[in-house]
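Colleague: quick one, what's the 3D model for this:
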Amino acid sequence: MHNHHHVLTLAAVALLAGPPLAAPDAEARTRNGSAQIQTQRGTATVNGAVSRTRGERTRAATVTGPNGRTSAVTDTRRRDREASAYSRDRTRTFDDGSTRAVTVDAQKTGEGAFSASRTVTGRGGETRTQTGDFTRTATDDGRTVSGRIETQNRGAVDYNREVAIDGNSRSVNAAATFEDGTSRTRAVTTVRDPVTGAVTNDASYVNRRGGETSVVSIRTPTDNGVVVARDATFADGSTRAVDRTRTNTGDGVATIERTVTGRNGETRSQSATVSVDRPIED
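Modeller: Predicted coordinates for the structure are as follows:
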């Protein structure tokens, strides 16, 4: 699914829709957080911050693993509504000092028309670029996005995405068709229970060989947190399950318990204590 994810990411940025990324006031606001994660290999530490100004949001995090190795990630997203432009820069720095960078730019080119580019610079300095032109059309119950993506390694890819909204239900159907006639598809239905607030995602991913992976995820709010259950079934019939419980204990502190049951039946667990210094509203 890796290359397909890149294709869908490029197309998604061309939508240029949704609420602003930043708070309306120009003064920067920052939320700092930290976590201690207990794993079967030892304790990992995460320190992060989210900073917002008008039209911009930056997320930064540093992770120190049980072995003492450190990696860092910085992700900045900018939106200029007057110019109908969007950009995203994401850089990951590894323990050996090498980096991997992803840059995305999108620009409105006309009524319902957008162009986008995505460049990846690998740890060895190699660069891959995708460019695309897209058309967005409103429908009676949602919207469609279609376009053509030019890639360096996969040739031209025709892309189509349909979104339909019906009350508390939202469905997305997307397809990327390659030059050899093969395609990858994604179908996701999201339903929110108006009484309990539980959100169910039912997704199907089909690769170019016709193999299907289905994923069902249920996120249920509780009185003091949230419970998430995610079950994936792969083309060979094997399964992977992830169960996570977040419990808020007050004063910006929460505990997280996470259990993963792998495709061969092995189980591993993690626990974490997360603290946020100064919450800010989204």
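Colleague: where does the chain have low pLDDT?
Modeller: 1-27, 278-282 (pLDDT under 70).
Colleague: change it to 80
Modeller: 1-28, 39-40, 276-282 (pLDDT under 80).
Colleague: could I get the full set of helices for the stretch 1-150 of the chain?
Modeller: 2-13 (DSSP state H, counting those that start in this stretch).
Colleague: quick one: the strands in it?
Modeller: 29-39, 42-53, 56-64, 70-80, 85-93, 99-110, 113-121, 127-138, 142-151 (DSSP state E, counting those that start in this stretch).
Colleague: by contact count, what packs against the first one?
Modeller: Here strand 29-39 is seen to pack against strand 42-53, strand 267-276 when contacts are counted using 3 or more Cβ pairs under 8 Å, 6 or more residues apart in numbering; DSSP states H and E. No exception for glycine: its C-beta is placed from N, CA and C like everyone else's.
Colleague: picking that back up, and of the strands of the stretch 1-150 of the chain, who's closest to V228?
Modeller: Proximity to V228 (Cβ to Cβ) singles out strand 29-39 among the strands of the stretch 1-150 of the chain, at 16.4 Å.
Colleague: hmm, who's touching the closest one?
Modeller: 23, 43-53, 66, 256, 268, 270-280 (Cβ atoms under 8 Å, 6 or more residues apart in numbering).
Colleague: narrow these to those that are buried.
Modeller: Buried by 16 or more other Cβ atoms under 10 Å: 23, 44, 46, 48-53, 256, 270, 272, 274, 276, out of the contacts of strand 29-39.
Colleague: of the residues you listed, which pair is most distant in space?
Modeller: T53 and Q270 (33.8 Å).
Colleague: was I right about E257 contacting V228?
Modeller: No - counting by Cβ atoms under 8 Å, E257 sits too far from V228 to count as a contact (10.9 Å).
Colleague: I'd like to know which of the helices and strands packed on strand 29-39 is closest to G122.
Modeller: Nearest to G122, of the helices and strands packed on strand 29-39 and by Cβ to Cβ, is strand 42-53 at 24.2 Å.
Colleague: how close does the nearest residue to G65 once chain neighbours are set aside sit to V216?
Modeller: Nearest non-adjacent residue to G65, counting by Cβ to Cβ, 6 or more residues apart in numbering: A44, 5.1 Å away. From A44 across to V216, the span is 28 Å (Cβ to Cβ, to the nearest Å).
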